[in-house]
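Enquirer: following is a predicted model, sequence given first.
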Amino acid sequence: MTLSRRQTLAALAGSVLLPALSRTAGAQTAAFRIGALNPITGAGAPYGSGMQKMIVAAAAMVNDAGGAGGRTLEVSSEDTQTQPQAAVLAAKKLIEVNKVQAILGTWASGVSLAVAPLTNDAGILLMNTSGAPALSVPPANAKGLLYRFQATNDRFGRAFAEVATKQGFKRPATMAFNNASGIGNTEGFRKAWEAKGGKVVENVVYEPNQPSYRAELQKVLAAKPDVIVMGSYLADTTIILREWFQTGETTKFIIPAWAANPDLVKALGPEVTEGLISVDSISNEGSDAFKAFDAAYQKAMGQPGLSNVYAAMTWDMVVVLALAMEAAGPNADVAAISAKLREVAGPGGKAVSTFAEGKAALKTGKIDYQGASSILDFDQYGDVTPDFSVSVVEKGKIERKYIVKL
Amino acid sequence: MDAYLIAIAIITAIYVLLALGLNLQYGLTGIVNFGHVGFFCVGAYTTAILSEHGVPLVVSFPLAAVLAMAFAWPLGLVSIRLREDYFAIVSLGFSEVVRLVATSERWLTNGVQGIAGIPKLFAGWLTGPAQSYAVLGLLVAFNALAILAMLRIVRSPFGRMIEAIRDNEEAVKALGKDPAGFKIQVLVLGAALAGLAGAVYAHYIGYISPEQFLPLITFQIWMAIIMGGVGRISGALVGAGILMLFLEGSRFLRDVMPFISEVSMASVRLGVVGLALILFTMYRPQGLMGDFTRK
């Protein structure tokens, strides 16, 4: 009895594994394989499937335009489950079984940090949307094969400090949600603010999922700040602001836009939210690249492209990669493609906003891809510096006031 | 393909080590431990923090196991006399406390940012595939030792005593024995295995953060021993294997059936594991390797 069940299991396992093997072995060589490794489940789930669908859509667009460097793109998709261990196994599978030459779209910093050693060992590209500063430098970025399409937490902090200076605040305090991103933002702010010679009067880190944040709020307000810089999310920000309003204090708030969005205004009403300052890294909204992305996103997800800034980044990943392949010529290896990445996205060429346009322009000279997520100029660490928008809530409407460039 | 299979084998072997510990606790002694991941976490952080400060691995590895034991002992002292379902809640609470401490004590654990760049095993001597083989070899050796120890325990008077505790604790008390003392010893031994597993895990993945030590891991180990066969040493091996087959095999299902999107695959994966658990409890409650003669 036991034996027959075991045999059944083994047979099942075999039937699952074998076709996969033969498929890989029989696949054609003219394709450039990329792995879409995104947070489909877990904490990144609100963004992950949109990110993955945009990788597939952008690859299809590149293939429709005749491929890049004589090759078509072939996408294999995996789920990181927003967990390092699952991501490591998924990345191993993409590298070993699907033989991908680039992994695109890791989201959580922990996941990117865990996957980076694998892609470095294999000598392939890793394009991520994580914030952790550790990803800029060795050991994570030992070979210069990491490219980051999102602003680092440090840059967010610096943008907050710019805004605080511009608004004339003197005594800032910070409140951070206890995770890598929340603390990264407020620490980045503290560093930038102190570099300007200022002093942060209080730093409070709070645990998530509390029914009330009154104790933390009172600790911050006791230091008499004129502005509170938040590293927070929507749910906790809603509670904190409600409790702050009940105290009758007149402190101002600077809040990242993923927390200070229309949902927040709707939940709290115009009276509470009046004067809140919302800061966001902006997608390159006015650009033609964004329009192309937006159309694809609407088609795939039925929502406006503005709702998922990370999907704009994964869209750009595919386009930049394909342009670099085109620039590097037929059968270029990963190192040659990586060498061209900065060139096709960086300044000093004809500005283009789609793959087809770039492919045509490459025949005559240099190009500068202006992406959907930002203008995409990679620095020496493979990081980008997007612009930040500053909006103020007025009478229940979030009005964009000005742009901060770092 | 090789390196991928080895990666799976390594993770499976880590799960087997965890499952052996839990099997000793629940399968042989009847301790319902819902906080196994807590000891795993202690082991991982111990060796990660120590090697960050330059302590060699030969020292930090045993210390990972020792510290996990040091956490299990007081936990056992205060709570092992609780009825089994109450102990389950206490142990679950314990593992969450461990995780919250790792989240909050930033000076020690770097909080939610986690500890990155934990040195790989055998980093100085071996590279590439050879290194993975060596890690796997080490794990096989750990598992073999653990299994030998289990076999020895089962055949010893101690083994008969803990099985008697599992089957009828009141009867053991009536014989003038102290079940609590034995149960604490078992809890500590199981914790040592989990701590060791945590140490290998930390050095293999190279990055740990509190979110990797959710109670989910505990329950995956429970699934493994339930499917494999509670109280059977071979059950821990087979159960961990089946669990991995479900979790990783579903990746290949998508290569064969590309019409299932990754989003639905994530749900299918969990659904299949859940269905398997239900079928096991309905049709083979003693697990794949369990025998029919016992209850």
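Expert: Great, that's in hand. On a predicted model such as this, the values are computed, not experimentally measured, just so you know.

Enquirer: in which helix or strand does residue B:281 reside?
Expert: helix B:262-283 (DSSP states H and E).

Enquirer: mind exporting that helix as PDB, just the C-alpha atoms?
Expert: This file holds the C-alpha atoms of helix B:262-283, laid out as PDB (Å, rounded to 0.1, in the frame of the first residue of the first chain):
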ATOM      1  CA  GLU B 262       1.500  33.500 -11.400                       C
ATOM      2  CA  VAL B 263      -1.200  35.200  -9.300                       C
ATOM      3  CA  SER B 264      -3.500  32.300  -9.400                       C
ATOM      4  CA  MET B 265      -0.600  29.900  -9.100                       C
ATOM      5  CA  ALA B 266       0.200  31.300  -5.700                       C
ATOM      6  CA  SER B 267      -3.300  30.500  -4.600                       C
ATOM      7  CA  VAL B 268      -3.200  27.100  -6.300                       C
ATOM      8  CA  ARG B 269       0.000  26.300  -4.400                       C
ATOM      9  CA  LEU B 270      -1.600  27.000  -1.000                       C
ATOM     10  CA  GLY B 271      -4.800  25.300  -2.100                       C
ATOM     11  CA  VAL B 272      -3.000  22.100  -3.000                       C
ATOM     12  CA  VAL B 273      -1.100  22.000   0.300                       C
ATOM     13  CA  GLY B 274      -4.400  22.500   2.200                       C
ATOM     14  CA  LEU B 275      -6.200  19.800   0.100                       C
ATOM     15  CA  ALA B 276      -3.300  17.400   0.800                       C
ATOM     16  CA  LEU B 277      -3.500  18.100   4.500                       C
ATOM     17  CA  ILE B 278      -7.300  17.500   4.500                       C
ATOM     18  CA  LEU B 279      -6.900  14.300   2.500                       C
ATOM     19  CA  PHE B 280      -4.200  13.000   4.800                       C
ATOM     20  CA  THR B 281      -6.100  13.700   8.000                       C
ATOM     21  CA  MET B 282      -9.200  12.000   6.400                       C
ATOM     22  CA  TYR B 283      -7.700   8.900   4.800                       C
END
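
Enquirer: what's the spacing between it and its chain's center?
Expert: Put simply, helix B:262-283 sits 21 Å off its chain's centre (Cα atoms, centre = their mean, to the nearest Å).

Enquirer: for chain A, which segments count as strands?
Expert: Secondary structure of chain A by DSSP state E: the strands cover A:31-38, A:72-79, A:102-106, A:125-128, A:146-148, A:172-177, A:202-206, A:227-231, A:252-256, A:277-281, A:350-352, A:367-369, A:388-394, A:397-404.

Enquirer: so of these, which one's packed in deepest?
Expert: A comparison of the strands of chain A by mean neighbour count, using mean count of other Cβ atoms under 10 Å in any protein chain shown, puts strand A:102-106 on top with a mean of 30. Just so you know, the C-beta spots here come from the backbone N, C-alpha and C atoms, and that holds for glycine as well.

Enquirer: about what we covered before: just checking, what packs against the helix holding residue B:281?
Expert: helix A:45-64, strand A:72-79, helix B:215-228, helix B:233-256 (3 or more Cβ pairs under 8 Å, 6 or more residues apart in numbering or on different chains; DSSP states H and E).

Enquirer: go again using 6 Å as the cut-off
Expert: strand A:72-79, helix B:233-256 (3 or more Cβ pairs under 6 Å, 6 or more residues apart in numbering or on different chains; DSSP states H and E).

Enquirer: pLDDT on the last one, on average?
Expert: Per-residue confidence for helix B:233-256 averages out to 85 on the pLDDT scale.

Enquirer: swap in stretch A:86-102?
Expert: 92.

Enquirer: roughly how far out does that stretch sit from the chain middle?
Expert: Worked out by Cα atoms, centre = their mean, stretch A:86-102 lies 20 Å from the chain centre.

Enquirer: interface residues of chain B facing chain A?
Expert: Chain B comes close to chain A at residues B:1, B:3-4, B:7, B:112-114, B:116-117, B:205-207, B:209, B:212, B:245, B:249, B:251-252, B:255-256, B:262-263, B:266, as judged by Cβ under 6 Å from any Cβ of the partner chain.

Enquirer: can you give me the strands for chain B?
Expert: B:115-116, B:207-208.

Enquirer: need the helices and strands packed on helix B:262-283 in a markdown table with distance to residue A:239, can you?
Expert: A markdown table is the format used below for the helices and strands packed on helix B:262-283 (distance: least, Cβ to Cβ, whole Å):
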| stretch | distance to residue A:239 |
| --- | --- |
| strand A:72-79 | 31 |
| helix B:233-256 | 36 |
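
Enquirer: among these, which comes closest to residue B:106?
Expert: Closest approach to residue B:106 among the helices and strands packed on helix B:262-283 (Cβ to Cβ): strand A:72-79, 29.9 Å.

Enquirer: tell me who's in contact with the spatially closest residue to residue B:206 that is not a sequence neighbour.
Expert: Distance criterion Cβ to Cβ, 6 or more residues apart in numbering or on different chains; nearest residue to residue B:206, sequence neighbours excluded, is residue B:118 at 5.1 Å. The neighbours of residue B:118, taking Cβ atoms under 6 Å, 6 or more residues apart in numbering or on different chains as the test, are B:48, B:202, B:203, B:206.

Enquirer: separation between residue B:118 and chain A?
Expert: Using Cβ to the nearest Cβ, to the nearest Å, residue B:118 is found at 10 Å from chain A.

Enquirer: look up how far residue B:11 lies from that residue.
Expert: Separation of residue B:118 from residue B:11 (Cβ to Cβ, to the nearest Å) stands at 16 Å.

Enquirer: what do you get for residue B:110?
Expert: Counting by Cβ to Cβ - residue B:110 and residue B:11 are separated by 24 Å.

Enquirer: which of these two has more residues huddled nearby?
Expert: Neighbours were counted for residue B:110 and for residue B:11 using other Cβ atoms under 10 Å in any protein chain shown; residue B:11 has more, 23 against 19.

Enquirer: out of the helices and strands packed on helix B:262-283, which is closest to residue A:225?
Expert: Closest approach to residue A:225 among the helices and strands packed on helix B:262-283 is made by strand A:72-79 (41.7 Å; Cβ to Cβ).

Enquirer: so what strands line up beside that closest one?
Expert: Strand A:72-79 sits in its sheet next to strand A:31-38 (parallel), going by DSSP bridges.

Enquirer: what about the helices in the chain?
Expert: This is for chain A. A:2-26, A:45-64, A:84-96, A:109-122, A:153-166, A:180-195, A:214-222, A:234-247, A:262-268, A:270-273, A:288-301, A:309-328, A:334-345, A:355-362 (DSSP state H).

Enquirer: please go with chain B instead
Expert: B:2-22, B:36-52, B:57-79, B:84-104, B:106-109, B:128-155, B:157-167, B:169-174, B:179-205, B:215-228, B:233-256, B:262-283.

Enquirer: flag the shaky bits of the chain, pLDDT-wise.
Expert: No chain specified, so I'll use chain A. Chain A contains residues with pLDDT under 70 at A:1-29.

Enquirer: other chain: chain B
Expert: Ranges of chain B meeting pLDDT under 70: B:258, B:260-263, B:291-295.

Enquirer: can you rerun that using 80?
Expert: Low-confidence segments of chain B, defined by pLDDT under 80: B:1-3, B:84, B:113, B:123-129, B:250-270, B:290-295.

Enquirer: for chain A, what's the nearest residue on it?
Expert: residue B:4 (3.7 Å; Cβ to the nearest Cβ).

Enquirer: quick revisit: any residues touching the helix holding residue B:281, and which ones?
Expert: Residues from elsewhere that reach helix B:262-283, judged by Cβ under 6 Å, 6+ apart: A:40, A:41, A:49, A:77, A:79, B:223, B:227, B:246, B:250, B:254.

Enquirer: nearest to residue A:309, of those?
Expert: Residue A:309 lies nearest to residue A:49 out of these, by Cβ to Cβ, at 14.8 Å.
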